[in-house]
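J.: fold the following, please.
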Amino acid sequence: MTALPLRVLAVALAAPLLLSAPARADEAARKKLQEKLHPAAAQADDAPVPAPPLEPAEKAEAPPARTAADLSGNLPTRPRAEPAAAELPQRPARAASPRGARRQAAAEQPLGLALNLSLAGGGTAGTGSRYANSRIAEVELAVGYELLDGLVRPELGLLVGTYPNTYVGLRPGLRAFLPATPIYGRAALDLADPSSVMRARWVLLGAGAELRLTDLVGLFGEVDVGAPLRHQMGFPALLRGGLSARF
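T.: Here you go, the predicted structure:
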C-alpha cells in the first residue's frame with residue numbers, strides 16, 4: 001500500500017522534466033539552423049552588449065603653483081597687500097598774487113643798512129704855528145644806506161677824538177663803489193674842533209677797499225686826505241681801518 005503512493009509521487013515530479021526535454025531539443029535545433037542560415041546575425045545575438053560610454057568627468061581645477069618658500073620648508077606665504085585707496089583729488093594751490101610775490105622778494109632782500117667802525121691815526125701839515133698840535137687819533141662809527149644796488153652809500157659818521165684831548169664831532173659824507181670791485185671812494189665834511197666848539201674843520205677825500213668775509217661782516221682799509229676850511233687847521237692825512245657790516 002505504501003509503495004503505490006511513492007510511485008505516483010515520483011511520476012508527478014518527473015513529468016515536467018520529461019515534458020520540457022522535447023522543447024529544449026527543439027530550441028537547440030532551431031538555433032543550429034539559424035546559425036547555418038544567418039551566421040552574422042547569430043554572432044550579433046551572442047555578442048555581449050557594450051556598456052554605454054561613460055560621460056567625461058568634469059575637469060579638475062589645477063592645484064595652485066607652489067612657491068619656493070613652500071618647497072623649502074612650507075613657510076607661510078606673505079598675505080597679498082590690499083590696493084591702496086585712491087587718493088582724493090587735492091585742490092590746486094592758489095597762485096601767488098603779484099603783490100604777495102613782491103612782498104616775499106622784498107623780505108628776502110637785505111635792508112640796505114651799513115655800519116662801519118674804524119680806528120684812524122695821522123697828522124696835519126701847514127698849521128701855521130709851531131705850537132699847534134699836528135697829531136690826530138680818533139674812532140669813527142658811520143651809519144649809511146645803500147642805493148643803486150649798493151654802488152652809492154650816503155652816510156653820517158660820529159667821531160670821537162682821543163688826542164690831544166677828548167672831543168666829539170660829526171662827519172656827513174658819501175661813499176661810492178666801483179662796479180664789481182671792492183674799491184670805493186669817499187668824500188666827507190668834518191665838523192669838529194678839539195677846543196670843544198663844533199665847527200667845520202676839513203673837507204676829506206679818501207679811497208679804500210672792502211673785503212667781505214660773509215654776507216654780513218667784512219674788513220676795510222682807507223686813506224683820507226683833506227683841505228682846511230679854517231685858518232691854521234692844516235692839511236690832514238689819515239690812515240683808517242676797521243670792520244663793516246651790512247643788513
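
J.: and Gly226, how many neighbours?
T.: 22 (other C-beta atoms under 10 Å). For every residue, glycine as well, the C-beta is placed using N, CA and C.

J.: same check on Thr124?
T.: Counted with other C-beta under 10 Å, Thr124 comes out at 21.

J.: doesn't it belong to a strand?
T.: Yes: looking at Thr124 with DSSP: H, G, I helix; E, B strand; the rest coil, it is inside a strand.

J.: wait, it sits on Leu238?
T.: No: counting by C-beta atoms under 8 Å, Thr124 sits too far from Leu238 to count as a contact (9.6 Å).

J.: list residues touching both of these two?
T.: Ile136 (C-beta atoms under 8 Å, 6 or more residues apart in numbering).

J.: and the nearest residue to Leu243 once chain neighbours are set aside, how far from Leu141?
T.: Once flanking residues are discounted, Leu243 sits nearest to Leu117: 5.2 Å by C-beta to C-beta, 6 or more residues apart in numbering. Separation of Leu117 from Leu141 (C-beta to C-beta, to the nearest Å): 5 Å.

J.: any low-confidence regions in the chain?
T.: 1-25, 37-108, 128-133, 196 (pLDDT under 70).

J.: tell me where it has helices.
T.: 3-37, 39-46, 68-73, 98-108 (DSSP state H).

J.: so which of Leu117 and Leu141 has more stuff around it?
T.: Shown here are Leu117 and Leu141; by other C-beta under 10 Å, Leu141 has more neighbours (15 against 12).

J.: can you tell me which residues contact that one?
T.: Here Leu141 is in contact with 115-117, 157-159 (C-beta under 8 Å, 6+ apart).

J.: which one of those residues sits closest to Ile183?
T.: Checking the contacts of Leu141 against Ile183 by C-beta to C-beta gives Asn116 as the nearest, at 15.4 Å.

J.: wait, doesn't that closest one sit right on Gly144?
T.: Yes: at 7.3 Å, Asn116 and Gly144 qualify as touching, with contact defined as C-beta under 8 Å.

J.: so what sits against both of the two?
T.: Common neighbours of Asn116 and Gly144 (C-beta under 8 Å, 6+ apart) are Glu155.

J.: so Val152 bridges to which residues?
T.: Beta-bridge partners of Val152, counted by DSSP bridges, are Leu147, Ala176.
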